[in-house]
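Asker: Sharing a model prediction with you, sequence too.
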Amino acid sequence: MRRSTPADLCSVGAARDGAGQGELESLKAQPETARHAAGEAIGVFYDPRQNAAHAAELQRLHRLREEMASLMRRAEAWGRAASGADEHDRSAAEAEPEE
């Protein structure tokens, strides 16, 4: 079994982020259209306690944003860890005496 590298994971995270961005934009457009049609204020419309009709959509939108942010934080951490490991490997190789 091949181990995933941080670059692989970053690519997956970026792809998921791209797909998630499209879904997020679609999810944002739907409630905004409904909000404009209803003439509701932003604070009222986007408060799930005051807008039971759209509460599930609003909560899904929030979860998707959180998931995307989490994926990007993890990808950045993996990238930093890989960069640090590469730096350590180079330093160790330079410190070894030549024969």
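Answerer: Alright, I've got the coordinates. A quick note: this is a predicted structure, and the numbers were derived from the prediction, not measured. Numbers count the residues shown, from 1 in each chain.

Asker: which stretches of this structure have low pLDDT?
Answerer: Residues of the chain meeting the criterion pLDDT under 70: 1-20, 86-99.

Asker: could you pull out the strands for it?
Answerer: Taking DSSP state E, the chain contains no strands at all.

Asker: Have a look at it and report its longest helix.
Answerer: Criterion DSSP state H: the longest helix present in the chain is helix 55-95.

Asker: other SSEs contacting that one?
Answerer: Applying 3 or more CB pairs under 8 Å, 6 or more residues apart in numbering; DSSP states H and E, one finds that helix 55-95 contacts helix 6-38. For the C-beta atoms, the positions are set from N, CA and C on the backbone; glycine is no exception.

Asker: do you know how far the residue nearest to residue 59 when sequence neighbours are not counted is from residue 64?
Answerer: The shortest distance from residue 59 to any non-neighbouring residue, by CB to CB, 6 or more residues apart in numbering, is to residue 48 (6.1 Å). Applying CB to CB, to the nearest Å, the value for residue 48 to residue 64 is 15 Å.
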